[in-house]
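Predicted structure and sequence below. I'll ask about it afterward.
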Number of protein chains: 2
Amino acid sequence: MATFPNSPAAPVVVFDVNGTLLDLSVLDPHFARLFSHPSVREEWFHLLERLWMVTLITDAYEPFAELAEAALRMTAQKWGIALPDEEKAAILQGMKALPPFPDVAEGLAAFREAGFRLAALTNGSLATAKTLLERAELTGFFDGVFSVEQVKRYKPAREPYQLAARGMGVATAEMTMTAAHAWDIAGARAAGCKTAFLARPGKVLNPLGPVPDWQAPNLPELARKMRR
Amino acid sequence: MATFPNSPAAPVVVFDVNGTLLDLSVLDPHFARLFSHPSVREEWFHLLERLWMVTLITDAYEPFAELAEAALRMTAQKWGIALPDEEKAAILQGMKALPPFPDVAEGLAAFREAGFRLAALTNGSLATAKTLLERAELTGFFDGVFSVEQVKRYKPAREPYQLAARGMGVATAEMTMTAAHAWDIAGARAAGCKTAFLARPGKVLNPLGPVPDWQAPNLPELARKMRR
């Protein structure tokens, strides 16, 4: 994948990774086999979201991989099923090889060609994010990859957004956070960022939350809207 | 319902309301009719939990009833169904008439007879909590009813637990928070409370979270364990 160098003064767009660039539904067959229904994958991920939010609220940081495993164990216990070690390992390993949504490479190229500098900001670990982007052949699009583990505070706390802005050499007001999660939009806005909502399947905004500066159903369309 | 006056020096036990004393599954038929599956009731409530956690993390308090309605609208949008006003009103009104779990009256009586002073602490509004406890014929058991709206910070933030302790005239270390939610146990522990986990159906602890001081599958058994 070729890189597209842009000027250091170019506007900055930061992308969430899991669920925004990369598609977690590749894990559905594991959940369909283990549980009664593939939608348990979503239940598990929503529990994981609550677990990391509770770490923020109670000031008790735990690494992402440990929270993901805890949420998996809790989901199995709730459904009253055994969770064999090899099944658990298959899901957690699967988290390190997620495919991009089909519009992502074209969309990121459109952002680069429109003169934006791009970064990724993930609630996962830095090493996993780099592995994921490499396997998805997206690395060349990004000028920076940032993880909440560098500040030990998950999104939607303000520190990760500040980390990404600092890493890209801009103020939060000069960066646009792009995500498919309403909580990421809310957190980025609270941290002073501009925001773009990507309406991935099943993802909806909170009617009480901030209105994003842009929204679109896919990345190429978002790039067209954000191009000035 | 008779009251059971206990000494002001008696130890204090504080109970969560929705899902701990009162059974939200009474709302399942609404969700079964509106959505494909009654388990969407749980999906809705878990989304509501995330919405109130995001208000904490981004310092943007919204009243419980508005968050409950927003979560309902988001759930309908996600499932791609219309949400008629009368269906929405029926669910939100149903939240104000939840039945107690079958062990609750016997369990609260056992706590009172063992010499405890009791309180309720809810993420719902104060008026609704009082209405709910009155309709469930539980009011007489409680020396205090407290709501997060009095501090505009939801559990698991520390302020609501401090509110209940202050209201009961004790330090947080002298009160035991009883709940069926792992996040309530985590928040109460972080606020310095003792904790008791009530293992309601489908409710499980976080293996990375604090170990509660007590746990039981129902209130009478919990009262027996906590009696010294």
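Here it is on my side, so go on. Numbers count the residues shown, from 1 in each chain, chains lettered A, B, ... in the order given.

What is the neighbour count of A:Ala82?
Burial of A:Ala82 is recorded as 8 neighbouring residues (other CB atoms under 10 Å in any protein chain shown). Heads up, the C-betas are built off the backbone N, CA and C, glycines and all.

ok, it - contacts?
Contacts here follow CB atoms under 8 Å, 6 or more residues apart in numbering or on different chains; on that basis A:Ala82 touches A:Ala76.

Go ahead and report the secondary structure state at it.
Using DSSP: H, G, I helix; E, B strand; the rest coil, the structure places A:Ala82 in coil.

what's the spacing between it and chain B?
Going from A:Ala82 to chain B by CB to the nearest CB, to the nearest Å gives 14 Å.

List every C-alpha atom in stretch A:16-25, with coordinates, as PDB.
This file holds the C-alpha atoms of stretch A:16-25, laid out as PDB (Å, rounded to 0.1, in the frame of the first residue of the first chain):
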ATOM      1  CA  ASP A  16     -11.900   4.700  15.500                       C
ATOM      2  CA  VAL A  17     -10.700   1.200  14.600                       C
ATOM      3  CA  ASN A  18     -13.000  -1.700  15.900                       C
ATOM      4  CA  GLY A  19     -16.500  -1.400  14.400                       C
ATOM      5  CA  THR A  20     -15.600   1.800  12.400                       C
ATOM      6  CA  LEU A  21     -12.800   0.700  10.000                       C
ATOM      7  CA  LEU A  22     -12.800  -3.000  10.800                       C
ATOM      8  CA  ASP A  23     -15.800  -5.400  10.900                       C
ATOM      9  CA  LEU A  24     -16.400  -7.400  14.000                       C
ATOM     10  CA  SER A  25     -19.100  -9.500  12.400                       C
END
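
How far does that stretch sit from its chain's centre?
With CA atoms, centre = their mean, to the nearest Å as the basis, stretch A:16-25 stands 6 Å off its chain's centre.

Could you do stretch A:219-228 as well?
On the basis of CA atoms, centre = their mean, stretch A:219-228 sits 19 Å off its chain's mean C-alpha point.

Check stretch A:34-51 too.
Averaging C-alpha positions (CA atoms, centre = their mean) puts stretch A:34-51 16 Å from its chain's average.

quick one: buried residues of that stretch?
A:34-35, A:38-51 (16 or more other CB atoms under 10 Å in any protein chain shown).

again with stretch A:117-131
With burial defined by 16+ other CB under 10 Å, the residues of stretch A:117-131 counted as buried are A:117-125, A:128-130.

Show the average pLDDT along the lengthiest helix in chain A.
In chain A, with assignment by DSSP state H, the single longest helix is helix A:40-57. Mean per-residue pLDDT for helix A:40-57: 97.

right, and the helix or strand after that helix?
Going down the chain from helix A:40-57, the next helix or strand is helix A:64-79, by DSSP states H and E.
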